[in-house]
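*Asks:* take a look and give me a structure for this.
(one chain, ligands or ions: 2)
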Amino acid sequence: MLVDSHCHLDRIDLSPYDGELAAAVRAAQERGVDRMLCIGIDLNNAPKVVEIAQQFDNIYASVGIHPLDISDDICEVDALVELSAQEKVIAIGETGLDYYYSAEKRVLQQDSFANHLKASVKTGKPVIVHTRDAREDTLSLIQQHGDPKVAGVLHCFTESWEMASAAMEMGYYISFSGIITFKNAAELRDVVKKVPMERLLVETDSPYLAPVPYRGKKNEPKYVREVAECVAELKGLSFEQVAEQSSRNFDRLFNLV
Ligand SMILES: [Zn+2]
Ligand SMILES: [Zn+2]
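*Replies:* Residues are numbered from 1 along each chain as shown. Ligands and ions are numbered 1, 2, ... in the order given. You can find the predicted model right below:
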């Protein structure tokens, strides 16, 4: 009944599962995590994430070029449209802007993000947006090239309430990761409290960012439960309520109902 809305299943550590992805998926299901969205980061891993999604009923895929994985030739709109036409691909991304790690490639990142937004509007498939230290440019590109009816999600959200609320006005959803469980994330927890439950998703971003009490270990989809439990505590809701509402949001955003 819980969805991990953002995981990199082609990169998670399968050594506890004898190398079997199916066993990791089962371990997640045993903890109530029944669906996952496996995220593409570039043209090299696109075939792999699509293959994973096509192999498992309860896994979907996205295709796109991560802002930190852009080569000098950015992916054209038509190529993105074509990639996303494959079975089980429900979203475009991850795309976006990351000026924290790569400010020198700003212009290239912006052009690439614009292409993803255009492909999203063309296909009606929402965008998965990665944004770090690029609040204004992220919002203005969405404003310029996005369509609120298609919208998307700001994933692994770590920015301000102002940014969250501006994005929600353009139809976006906000996805929180294990970072909200970290000791030093008090400000972000205030943002979680303010984001309406109808617009909230949860994710692991595995293999990165394992939540407390697994912080520092390798992350995997089964730990999205700790993220949902943290949201529940912050909002005075039960785990079941958060699981159910965030799953409903996932279905609404990605047109699965
Ligand atoms: Zn990301
Ligand atoms: Zn990611």
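*Asks:* who are the contact partners of Arg132?
*Replies:* 97-101, 158-159 (C-beta atoms under 8 Å, 6 or more residues apart in numbering). To be clear about C-beta, it is placed using only N, CA and C from the backbone, and glycine gets the same treatment.
*Asks:* same question, Asp98
*Replies:* Neighbouring residues of Asp98 by C-beta under 8 Å, 6+ apart: 67-68, 109, 130-134.
*Asks:* just the buried subset of those, written out for PyMOL, thanks.
*Replies:* In PyMOL syntax, the buried subset of the contacts of Asp98 is picked out as below (16 or more other C-beta atoms under 10 Å):
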select buried, resi 67+68+109+130+131+132+134
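*Asks:* following element in sequence after the longest strand that the chain contains, please.
*Replies:* Longest strand in the chain, counting residues (DSSP state E): strand 89-98. Using DSSP states H and E, the helix or strand that directly follows strand 89-98 along the chain is helix 106-123.
*Asks:* tell me what that next one is packed against?
*Replies:* Contact partners of helix 106-123 among helices and strands, from 3 or more C-beta pairs under 8 Å, 6 or more residues apart in numbering; DSSP states H and E: helix 77-84, strand 89-98, strand 127-132, helix 135-145.
*Asks:* tell me which residues in that helix are buried?
*Replies:* 108-110, 112-123.
*Asks:* most remote residue from the middle of the chain, which is it?
*Replies:* What lies farthest from the middle of the chain is Asp18; by C-alpha atoms, centre = their mean that is 26.9 Å.
*Asks:* so how far is Pro148 from that one?
*Replies:* Distance of Asp18 to Pro148, given as C-beta to C-beta, to the nearest Å: 46 Å.
*Asks:* Tyr17 touches Ala28, doesn't it?
*Replies:* No - between Tyr17 and Ala28 there is no contact under C-beta atoms under 8 Å: 10.8 Å.
*Asks:* looking at the two, which one has more neighbours?
*Replies:* Neighbours per residue, other C-beta atoms under 10 Å: of Tyr17 and Ala28, the larger number sits with Ala28, 25 against 16.
*Asks:* what packs against the helix or strand containing that one?
*Replies:* Using DSSP H and E, the element containing Ala28 is helix 21-30. Here helix 21-30 touches strand 33-38, going by 3+ C-beta pairs under 8 Å, 6+ apart.
*Asks:* show the average pLDDT along the helix or strand that the strand it packs on is followed by.
*Replies:* Next along the chain after strand 33-38, taking DSSP H and E as the criterion, comes helix 46-55. For helix 46-55, mean pLDDT rounds to 98.
*Asks:* and if you look at stretch 117-128?
*Replies:* Mean predicted confidence for stretch 117-128 is 98.
*Asks:* then stretch 157-177?
*Replies:* Here the average pLDDT along stretch 157-177 is 98.
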